[in-house]
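Q: could you look at this predicted model? Sequence included:
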Amino acid sequence: MSGNEICDDHTIRQLAGWLRDAQHVIAFTGAGVSTESGIPDFRSPGGVWSKTEPVYYEDFLQSAEARQEYWRQKSETHDGFLQGVPNVTHRALARWEQVGILKGLITQNIDGLHRMAGSDNVLEIHGTAREIGCLDCEARYEADPLVQEFRRTNVLPDCPRCGGHLKHATISFGQALVPSVLEDSARWAGKSDLFLALGSSLVVHPAAGLPTIAKQSGGRLVIINRDSTPLDTTADLVLNTPMGETFEALERILRNDE
Ligand code: NAD
Ligand code: ZN
């Protein structure tokens with residue numbers, strides 16, 4: 001489907017109308033908003049899980065071998081994260097916040113592209129791959145120099161301050177989400193009268209429960225995702241269209257009206 005066809009589609013006009021009329025729009029994004037920035041998602045063919053087994057948090061804590069494998073995997077995906085730049089969808093969402101259409105953005109992404117695009121009111125519920133955290137003293141470090149050092153030496157880095165284990169500031173499999181961040185997301189979802197679930201397969205919990213909270217609180221739920229999701233039947237509108245073209249079409253309509 002081309003951008004113009006999407007734009008002519010009455011559903012996109014309907015969505016633009018809902019965006020204009022809503023008082024409290026919240027966006028919830030997943031890996032599908034960043035694939036057009038060259039960062040692969042997890043569950044599509046060729047996605048991360050078709051190639052590697054993730055290292056579970058418990059194993060990371062208990063075994064040096066697992067920590068070595070974790071750092072190896074992270075060094076492999078590092079360049080993709082660092083080289084990715086915000087695409088039309090990140091930029092549109094940032095603009096919507098600036099002009100007051102969007103109240104807040106909850107993201108599962110760890111690539112930092114929403115903030116880079118200019119979004120401010122962001123909850124990164126799975127953390128950020130741009131930083132490394134110490135598991136003992138809570139110090140934070142920029143990821144790039146530590147990853148480069150690991151690549152050169154193949155030696156696991158320790159916290160320069162306390163000698164503790166260093167790990168990317170992202171939530172690993174088996175690791176609990178930060179309770180306050182999760183509470184804020186649930187609160188935002190509960191307050192929204194229009195909740196946009198964008199580029200997420202909506203199968204990872206507890207994050208995937210947020211659209212349901214929004215819906216149960218009386219808000220509209222809109223899902224934009226190339227593939228179907230388990231929540232499609234509860235949504236008020238589902239668009240299985242390419243993200244960038246969909247946002248370009250929405251932006252054309254919204255900007256015309258401003
Ligand atoms: P997912 O991989 O489970 O699902 C992504 C969804 O996006 C898919 O259903 C796919 O159909 C859709 N999609 C992909 N490209 C699209 C496009 N151009 N247009 C429209 N739809 C598109 O991702 P998820 O639900 O975010 O869950 C994966 C987890 O992995 C998240 O927790 C996230 O932290 C992490 N992750 C993050 C990144 C990132 O930061 N960019 C990348 C991979 C994985
Ligand atoms: Zn430390």
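A: It's in. Numbering: from 1, shown residues only. Ligands and ions are numbered 1, 2, ... in the order given.
Q: pLDDT score for the residue sitting nearest the centre point of the chain?
A: Geometric centre of the chain, nearest residue: residue 109, 2.5 Å, by CA atoms, centre = their mean. As predicted, residue 109 sits at a pLDDT of 96.
Q: tell me the secondary structure for it?
A: Following DSSP: H, G, I helix; E, B strand; the rest coil, the label given to residue 109 is coil.
Q: close to ligand 2: what parts of the stretch 1-150 of the chain are there?
A: 134, 136, 137, 139 (CB under 5 Å from the ion). Yep, even glycine has a C-beta here, placed from its N, CA and C like the rest.
Q: also the stretch 151-258 of the chain?
A: Residues of the stretch 151-258 of the chain that fall close to ligand 2, judged by CB under 5 Å from the ion: 159, 161, 162, 164.
Q: hang on, the earlier thing: count the neighbours of the nearest residue to the residue nearest to the centre of the chain once chain neighbours are set aside for me.
A: Counting by CB to CB, 6 or more residues apart in numbering, residue 109 lies nearest to residue 34, which is 5.7 Å off, once chain neighbours are set aside. Using other CB atoms under 10 Å, residue 34 has 28 other residues around it.
Q: settle this for me: residue 34 is touching residue 111, isn't it.
A: Yes: between residue 34 and residue 111 a contact is recorded at 5.4 Å, counting by CB atoms under 8 Å.
Q: strands of the stretch 151-258 of the chain, residue ranges please.
A: Shown for the stretch 151-258 of the chain, the strands assigned by DSSP state E, counting those that start in this stretch span residues 166-170, 194-198, 220-224, 237-239.
Q: how far does the first one sit from its chain's centre?
A: In this case it means strand 166-170. Relative to its parent chain, strand 166-170 has a centroid offset of 17 Å by CA atoms, centre = their mean, to the nearest Å.
Q: mind giving me the packing neighbours of that strand?
A: Counting contacts by 3 or more CB pairs under 8 Å, 6 or more residues apart in numbering; DSSP states H and E, strand 166-170 is packed against helix 64-83, strand 127-134.
Q: looking at these, which is buried most?
A: strand 127-134 (a mean of 21; mean count of other CB atoms under 10 Å).
Q: what's it in contact with?
A: Strand 127-134 has contacts (CB atoms under 8 Å, 6 or more residues apart in numbering) with 74, 77-78, 81-82, 110-112, 139-144, 146, 157, 159, 161-162, 164-171.
Q: list the strands paired with it, with their directions.
A: Strand 127-134 has its sheet partners listed here by DSSP bridges as strand 140-142 (antiparallel), strand 166-170 (antiparallel).
Q: and it, does that touch ligand 1?
A: No: counting by CB under 6 Å from any ligand atom, ligand 1 has no neighbours in strand 127-134; the shortest distance is 6.9 Å.
Q: mean confidence score for that strand?
A: Regarding strand 127-134, the rounded mean pLDDT is 96.
Q: how about stretch 137-153?
A: In the prediction, stretch 137-153 has an average pLDDT of 96.
Q: any weak-confidence spans in the stretch 51-200 of the chain?
A: When residues are selected by pLDDT under 70, those of the stretch 51-200 of the chain lie in 51.
Q: residues that sit against both of residue 34 and residue 111, list them.
A: Counting by CB under 8 Å, 6+ apart, the contacts common to residue 34 and residue 111 are residue 84.
Q: before we move on, back to that, please indicate which of the contacts of strand 127-134 are buried?
A: Among the contacts of strand 127-134, those buried by neighbour count (16 or more other CB atoms under 10 Å) are 74, 77-78, 81, 110-112, 141, 143, 146, 157, 159, 165-171.
Q: could I get the phi/psi values of the residue nearest to the centre of the chain?
A: Backbone torsions of residue 109, given as degrees, to the nearest 10, read phi -80, psi 150.
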